[in-house]
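1. need a structure here:
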Amino acid sequence: MLSYQHAYHAGNPADVHKHFVLAELIRLLTKKDRGISYLETHAGRGLYDLTSQESLKTGEAAEGITLLDPPKGSAINDALRMIRTHYGETAYPGSPMVAASLLREQDRMVLMEMHPQEHAALKKAMKGTGAAVHNRDAYEGAVALTPMEPRRGLVLIDPPYEVKDEYGRAADLAMKIHKRWPEAAVMVWYPLLDAGRHKDLLARMADGGPLVSEVGFDLKGGKGMKGSGLAILGAPYGADAAVARAIHLASPILRA
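-> Predicted coordinates for the structure are as follows:
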């Protein structure tokens, strides 16, 4: 446990799927003036350099974000442009930075990360954004902190799936938060692997009637991850169209 470091995978096709959808959902939720709350359970370090030793070792970003040029005016383009303006053209935002780039003064952000090095880097990256950064176990903390104010919100559950039972734990956490905080959309990211363990996750979330987005992609010659999925409980009105826009923007590398 706590061995996963996302820097090796930043900007890969799974990140593209997650971040493009996340950006569209935040844009959707912030159309009205009233504030929203954003909660993330496994935040990582928040900011990555695609020329770092870790990124170049795997080359996964070269099969993902570097192949795309989202149009001006799209939510993800706005987020990427803001990050690159501040941190350079090779910077790539993790989901906390995607969210921070699109949230407003009236919005609230809470992030959790247990890995000591990742947490320290996250605190540094998020300085000045107003985000509350916790070195806290997500399966305890996310339940304890919800519901949040403002009540309208979005939760991202994105564990590393280092152990088999994490699929079930992620689903159970999503259902607990959904019941405690029905005004929020709760989005769970999961990998699509040959073992098919995501089926248990979806089965445990079935009673919540999630909006599901699954995509396939080519990564490392088809070895390992075949695609990724997002299951959204309490999806807000217009979420279907928002997800469709995100997938369309990433269609050169994602297969719906």
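2. and the nearest residue to residue 51 once chain neighbours are set aside, how many neighbours?
-> Spatially, and ignoring its direct neighbours in sequence, residue 51 is nearest to residue 90 (4.7 Å; C-beta to C-beta, 6 or more residues apart in numbering). Using the backbone N, CA and C atoms, a C-beta is placed for each residue, glycine as well. Using other C-beta atoms under 10 Å, the number of residues around residue 90 comes to 14.
3. so what does the strand or helix carrying residue 202 touch, helix or strand wise?
-> For residue 202, the host element (DSSP states H and E) is helix 198-205. Contacts defined by 3 or more C-beta pairs under 8 Å, 6 or more residues apart in numbering; DSSP states H and E place helix 198-205 against helix 166-180, strand 184-192, strand 227-233.
4. please repeat the previous calculation with a cut-off of 10 Å.
-> Contacts defined by 3 or more C-beta pairs under 10 Å, 6 or more residues apart in numbering; DSSP states H and E place helix 198-205 against helix 166-180, strand 184-192, strand 211-216, strand 227-233.
5. just the buried residues of the first one, please?
-> Judged by neighbour count (16 or more other C-beta atoms under 10 Å), helix 166-180 contains these buried residues: 166-167, 169-171, 173-175, 177-178.
6. looking at this structure, which helix or strand is least sure?
-> helix 53-58 (a mean of 88; mean pLDDT, DSSP states H and E).
7. ok now that one, how far from the chain's centre?
-> 21 Å (C-alpha atoms, centre = their mean, to the nearest Å).
8. check stretch 13-23 too.
-> With C-alpha atoms, centre = their mean, you get 7 Å for stretch 13-23.
9. pull up the gap between residue 159 and residue 240, please.
-> 25 Å (C-beta to C-beta, to the nearest Å).
10. quick one: which of those two has more around it?
-> Neighbour count, other C-beta under 10 Å: between residue 159 and residue 240, residue 159 has more, with 19 against 13.
11. tell me who's in contact with that one.
-> Counting by C-beta atoms under 10 Å, 6 or more residues apart in numbering, residue 159 touches 4, 41-42, 138-139, 166-167, 169-170, 173, 188-190.
12. tell me the secondary structure at it.
-> coil (DSSP: H, G, I helix; E, B strand; the rest coil).
13. mind checking pLDDT for it?
-> Looking at residue 159, its pLDDT stands at 95.
14. run a quick neighbour tally on the closest residue to residue 230 other than its chain neighbours.
-> In space, and not counting its chain neighbours, residue 230 is closest to residue 213: 4.6 Å by C-beta to C-beta, 6+ apart. Residue neighbour count, defined by other C-beta under 10 Å, stands at 23 for residue 213.
15. helices of the protein, start to end?
-> Shown for the chain, the helices assigned by DSSP state H span residues 13-29, 53-58, 75-87, 95-102, 116-125, 138-144, 166-180, 198-205, 239-249.
16. and these, which one is worst for confidence?
-> helix 53-58 (a mean of 88).
17. tell me which residues of it come out buried.
-> 54-55, 58.
18. turn these into JSON lines, including distance to residue 125.
-> JSON lines is the format used below for these (distance: C-beta to C-beta, whole Å):
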{"residue": "54", "distance to residue 125": "15"}
{"residue": "55", "distance to residue 125": "16"}
{"residue": "58", "distance to residue 125": "21"}
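19. between these, which is nearest residue 134?
-> residue 54 (24.2 Å; C-beta to C-beta).
20. for the closest residue to that closest one other than its chain neighbours, give me its contacts.
-> Distance criterion C-beta to C-beta, 6+ apart; nearest residue to residue 54, sequence neighbours excluded, is residue 7 at 3.9 Å. Residues counted as contacts of residue 7 (C-beta under 10 Å, 6+ apart) are 44-45, 47-50, 52-55, 57-58, 92, 94, 117-118, 121.
21. and residue 96, by the same measure?
-> Counting by C-beta under 10 Å, 6+ apart, residue 96 has contacts 38, 40, 43-47, 109, 111, 113, 122, 125-126, 129, 131, 133, 156.
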